[in-house]
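**Student:** I'll drop the sequence and a predicted model, then ask my questions.
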Amino acid sequence: MPGMAGSLQQPQILEHTSKSLSVTIYDTKWVPSSARFVVLGSHPRNSGCIQVYELGGTEINKLTEAEKQHSFKCGTFGASSLTQRHLATGDFDGNLNVWDLDRLGTPLYHAKAHSSIVNAIDGCGGLGVGRGAPEIVTCGRDGRVCVWDTRQKDDPVACFEPATSDSTRDCWAVSFGNAYEENERCVLAGYDNGDVKLFDLRTGTVRYETTLQNGVCAVDFDRKDIPMNKFAATTLESRFHVFDARTQHATKGMASLSEKQAHGSTIWGVRHLPQNREVFMTLGGDGSLALYKYSYPEKRTAKEEDGSVSGVIGSVNMLASRTVASQPISCFDWSPDKEGLAVFGSFDQSIRVGIVTKLHKV
């Protein structure tokens, strides 16, 4: 049939295996350099749940489980070494904890990070990704964005918070980036009113800010360990945005594009493929996944009439999409080791392991 050969070369999103759970799933994370993954969430009695599973063929086998006082919202391995593989978590009571997955009784590190729920967390400087100290960033309903070095007790090494209580906005998303040398690192944050802020940790200042039309559910740099290249943000009402962060004009800011997905629901998250920074997955509120590729323009900068230089944005192309759940996809994590392998959870209380094929042809 005409066009069939071309369609067969496109990536496909396949469900490899799945497992129904009795908990609400808020985050899933691959344990680096292993076939294991972690599920973080909440029991029906509102206690916290850490579960560790192992993928064996088409079987998902539970290895260990721990129940804690407060429900877990988010987790990261990004500040840990490949040898230790310690998991940092944020919970609904505002706590930051770091856990040894083999000894889940007592956390290795604890800090009261926020006055209420920790909405998002990210790590950098561990796993051989990103230069500089191993650090964790958290954001919360209290509007604060805090950076933590677990070698130092109690207080964050940096904190960005609202100037007044009247200006407090719920911060929903954070991501590290620009960690290409020892003294450079930035944090990207997204807020419930649509604000996007880029904090420079070297200078302790806001390096860039803009406002999108809807609340920002997720932000993600294409890579943490390179000079700023581009990042994505997803919002309520089915929109995602891609920013070219290489060039920032004094008045025009960063060049960007905006796309609206047809499902019309919230885009809960975005994750760039570890093996190809131009490819990313978005998580739909209708239970769908959508795979995109970013293409650069012929020239990434343009000279303005006054002699200044502004950025030029490229374009995005959807490579594949598939509805995989009856409820929103709440979390998604690419395997750092095997290209195309992913684990994701949804609010139908199921975890799924998926495979995206033909990524090497993209």
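**Tutor:** Everything's here; your move.
**Student:** How many neighbouring residues does the residue found closest to E339 once you drop the neighbours it is linked to in the chain have?
**Tutor:** Of all residues not flanking E339 in the chain, Q275 sits nearest, at 4.5 Å (CB to CB, 6 or more residues apart in numbering). Quick note: C-beta positions are derived from backbone N, CA and C, even for glycine. Applying other CB atoms under 10 Å, we find 15 residues neighbouring Q275.
**Student:** One more: L40?
**Tutor:** For L40, using other CB under 10 Å, the count is 25.
**Student:** Equivalent analysis for D220, please.
**Tutor:** Residues near D220, counting by other CB under 10 Å, number 21.
**Student:** quick one, what contacts it?
**Tutor:** Applying CB atoms under 8 Å, 6 or more residues apart in numbering to D220 gives the contacts 175, 231-233, 270-272, 280.
**Student:** Run through the bridge partners of it.
**Tutor:** Beta bridges link D220 to A232, judged by DSSP bridges.
**Student:** if we can go back for a sec, including distance to C146 and neighbour count, could the contacts of D220 go into a markdown table?
**Tutor:** Below are these laid out as a markdown table (distance: CB to CB, whole Å; neighbours: other CB atoms under 10 Å):
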| residue | distance to C146 | neighbour count |
| --- | --- | --- |
| S175 | 14 | 26 |
| F231 | 20 | 26 |
| A232 | 23 | 26 |
| A233 | 20 | 26 |
| V270 | 22 | 25 |
| R271 | 23 | 19 |
| H272 | 24 | 23 |
| F280 | 26 | 24 |
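**Student:** ok, those vs V196, which is closest?
**Tutor:** Proximity of the contacts of D220 to V196 was ranked by CB to CB; the top entry is A233 with 5.7 Å.
**Student:** Model confidence for that closest one, exactly?
**Tutor:** pLDDT, A233: 98.
**Student:** got a list of what E65 touches?
**Tutor:** By CB under 8 Å, 6+ apart, the residues touching E65 are 49-52.
**Student:** Partner strands of the helix or strand where it lies, with direction?
**Tutor:** Using DSSP states H and E, E65 sits within strand 59-68. Next to strand 59-68 in the sheet, as set by DSSP bridges, lie strand 48-56 (antiparallel).
**Student:** From the rest of the structure, what touches the partner strand?
**Tutor:** Counting by CB under 8 Å, 6+ apart, strand 48-56 makes contact with 17, 19, 21, 23, 31, 34-43, 60-72, 87, 89, 91-92, 99, 101, 104, 351, 353, all of which sit outside it.
**Student:** Filter those down to the buried ones.
**Tutor:** 21, 23, 31, 35-42, 60, 68, 70-72, 87, 89, 91-92, 99, 101, 104, 351, 353 (16 or more other CB atoms under 10 Å).
**Student:** What count of nearby residues applies to the closest residue to F344 other than its chain neighbours?
**Tutor:** Residue nearest to F344 in three dimensions, not counting chain neighbours: F332, with 4.1 Å by CB to CB, 6+ apart. Neighbours of F332 under the rule other CB under 10 Å: 23.
**Student:** packing partners for whichever strand or helix holds F332?
**Tutor:** F332 is located in strand 329-334, with elements delineated by DSSP H and E. Applying 3 or more CB pairs under 8 Å, 6 or more residues apart in numbering; DSSP states H and E, we find strand 329-334 packed against strand 24-30, strand 267-273, strand 276-284, strand 288-295, strand 341-346.
**Student:** Taking strand 341-346 as reference, get the angle to the longest one.
**Tutor:** Angle of strand 276-284 versus strand 341-346, following axes from the mean of the first three to the mean of the last three CA atoms, to 10 degrees, is 20 degrees.
**Student:** Give me the mean pLDDT for strand 276-284.
**Tutor:** Averaging pLDDT along strand 276-284 gives 98.
**Student:** So which bits of that strand are buried?
**Tutor:** 278-284.
**Student:** So in that sheet, which strands flank it, and in what orientation?
**Tutor:** strand 267-273 (antiparallel), strand 288-295 (antiparallel).
**Student:** Check the ones you listed for me and report the most buried one.
**Tutor:** strand 267-273 (a mean of 23; mean count of other CB atoms under 10 Å).
**Student:** Direction-wise, compare it with strand 329-334 and give the angle.
**Tutor:** Using the same axes, to 10 degrees: strand 267-273 against strand 329-334 is 0 degrees.
**Student:** where does the chain have low pLDDT?
**Tutor:** Residue ranges of the chain with pLDDT under 70: 1-8, 164-167.
**Student:** And the helices in it?
**Tutor:** Using DSSP state H, the helices of the chain run over residues 4-8.
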